[in-house]
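Student: Next one to model:
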Amino acid sequence: MDILSHALWSSIAAKTANKRHATKIDPWWAGFWGAFPDLISFAPLALVVIFQTISGASFRSFQHSSGIGQFTGLLYPASHSIIIFLAVFLIIWLVRHAPAWVMGGWALHIILDIGTHPEEFYPTRFLWPLSDIHFGGISWRTPWFLLLDYALLALCFFLFRKEKGAPLSTTKRALAYVLAFIAILTYIFTSVRG
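Tutor: Okay, the predicted model is just below:
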């Protein structure tokens, strides 16, 4: 699934949990944790792209000479592993003497990626490093899937918004517009690429 969808679904999960439990989970932080595995995996590659754009260097030659592809290939299974998530979650629980439920967005990210990554595009080896098992799912880049995903996200946010009734702050409204714009561009770009 794309990084924006992960952040938004994690935020919705936090809002849903807040309705049912006394423990309150900040939806904005839950969104961060929902995006966290992809941020960790692809930030080095994004930095290379930015460097390439600024310097005018050939991205392909820089990518191969720096080993950034191999580095991303190592970070992806580590950040998308339930085993690694549970280890980090338990360590933080021991240190804080309380569970950090907001990190649940990370676990949700892994679960969603299991079914939305085909075998040829970053398959989610969710039991790494104990096992390389993975399942070939539908590609999240499939246009009809992206459209359905964002339609369901919009519906969920609309329902929460209608329920709450209070207006969004100017900053949050601007962020919502930016996210909607990114969602539309993602859909268009993916549709054109096929």
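Student: For the closest residue to Leu153 other than its chain neighbours, pull up the helix or strand it's in.
Tutor: Excluding the flanking residues, the one nearest Leu153 by Cβ to Cβ, 6 or more residues apart in numbering is Leu8, at 5.0 Å. Every C-beta, even on glycine, is put in place using the N, C-alpha and C of the backbone. According to DSSP states H and E, Leu8 maps onto helix 3-20.
Student: tell me the domain ranges of the chain?
Tutor: 3-139, 141-194 (automatic domain parsing).
Student: relative orientation of the helix ranked longest in the chain and helix 3-20 in degrees?
Tutor: The longest helix of the chain (DSSP state H) is helix 27-55. Relative orientation of helix 27-55 versus helix 3-20 (axes from the mean of the first three to the mean of the last three Cα atoms, to 10 degrees): 170 degrees.
Student: Would you check that the residue nearest to Leu153 makes contact with Phe32?
Tutor: No: Leu8 lies out of contact with Phe32 (Cβ atoms under 8 Å); the separation is 11.7 Å.
Student: Show me which of those two is the more surrounded one.
Tutor: Between Leu8 and Phe32, counting by other Cβ atoms under 10 Å, Leu8 is the more crowded of the two (25 against 18).
Student: one step back: deepest of the domains of the chain, which one?
Tutor: domain 3-139 (a mean of 16; mean count of other Cβ atoms under 10 Å).
Student: quick one: terminal-to-terminal distance for that domain?
Tutor: 14 Å (Cα to Cα, to the nearest Å).
Student: For the remainder of this discussion, apply numbering that starts at 261.
Tutor: All set: I'll call the first residue 261, so the last point we hit is now domain 263-399.
Student: what ranges do the helices span in the protein?
Tutor: 263-280, 287-315, 319-326, 328-339, 342-356, 364-375, 403-424, 430-453.
Student: how far away is Trp361 from Trp289?
Tutor: Computed with Cβ to Cβ, to the nearest Å, the distance linking Trp361 and Trp289 is 10 Å.
Student: Residues that sit against both of these two, list them.
Tutor: Residues touching both Trp361 and Trp289 (Cβ atoms under 8 Å, 6 or more residues apart in numbering): there are none.
Student: could you list every residue that touches Asp373?
Tutor: Asp373 is in contact with Met261, His266, Pro297, His340, Thr384, Phe386, counting by Cβ under 8 Å, 6+ apart.
Student: coming back round to it: make JSON lines out of the domains of the chain and add mean pLDDT.
Tutor: Formatted as JSON lines, those follow (pLDDT from 0 to 100):
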{"stretch": "domain 263-399", "mean pLDDT": "87"}
{"stretch": "domain 401-454", "mean pLDDT": "68"}
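Student: give me phi/psi at Pro383?
Tutor: phi -60, psi 140 (degrees, to the nearest 10).
Student: give the contact list for the residue nearest to it when sequence neighbours are not counted.
Tutor: Closest residue to Pro383 apart from its sequence neighbours, by Cβ to Cβ, 6+ apart: His394 at 3.9 Å. Shown in contact with His394 (Cβ under 8 Å, 6+ apart): Ile374, Glu379, Pro383, Thr384, Arg385, Phe386.
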